[in-house]
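# With the sequence up front, the predicted model follows.
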Amino acid sequence: MNEEQFKESSLLTVRAAEVAGLMVVAVEGEIDVDTADDVLNAVRLGFASERPALIADLTLVSFFGSTGISTLISAHELAEEHGKKLHIVAPQRAVRRPLQVTGVADVLSLYDSVEEAVSALKPVPSE
């Protein structure tokens, strides 16, 4: 797996890696006013790749509020602009609950693990 670190600070670390031919952007830390642009920049770079989809892994996000929600809405809009799919990995309540309460979860493709998101993106071979 080829991994590249985009941003690291005391509040946030963003890494990108290829998993099963797909781009995975893993975010660790806080998504807030100070870090949202770093997350979106990584997503933009991911969509610039030749891959048909991007998986945003938010498993290690420790803080996620209204700015995090708007960041994911912007990422979803970027996916549509690029004609690509965006899948969000958000197994923990701290991220998933705000998305559900606001109705944003109805628009996004949410998964409990990177493996689950990869499986959803891989075509099922016909028999």
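That came in fine, so what should we check first? Everything numeric here is computed off the predicted structure, so don't read it as measured data.
# which stretches of this protein have low pLDDT?
Within the chain, the stretches with pLDDT under 70 are 1-8, 123-127.
# Strands of that one, start to end?
3-8, 12-19, 22-31, 53-64, 85-89, 109-111 (DSSP state E).
# And the second one, what does it pack against?
This means strand 12-19. Where contact means 3 or more CB pairs under 8 Å, 6 or more residues apart in numbering; DSSP states H and E, strand 12-19 is packed against strand 3-8, strand 22-31, helix 36-48. C-betas here are computed from N, CA, C, even on glycine.
# if we can go back for a sec, can you redo the strands of the chain as CSV with mean neighbour count?
Output for the strands of the chain, formatted as CSV (neighbours: other CB atoms under 10 Å):
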stretch, mean neighbour count
strand 3-8, 14
strand 12-19, 18
strand 22-31, 22
strand 53-64, 21
strand 85-89, 22
strand 109-111, 19
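# Val118: which of the helices and strands packed on strand 12-19 is closest?
Closest approach to Val118 among those (CB to CB): strand 22-31, 6.1 Å.
# Columns distance to Pro91 on top of the helices and strands packed on strand 12-19, output as a markdown table?
Converted to a markdown table, those look like this (distance: least, CB to CB, whole Å):
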| stretch | distance to Pro91 |
| --- | --- |
| strand 3-8 | 21 |
| strand 22-31 | 13 |
| helix 36-48 | 18 |
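# Quick one, which of those gets closest to Leu78.
Checking these against Leu78 by CB to CB gives helix 36-48 as the closest, at 5.8 Å.
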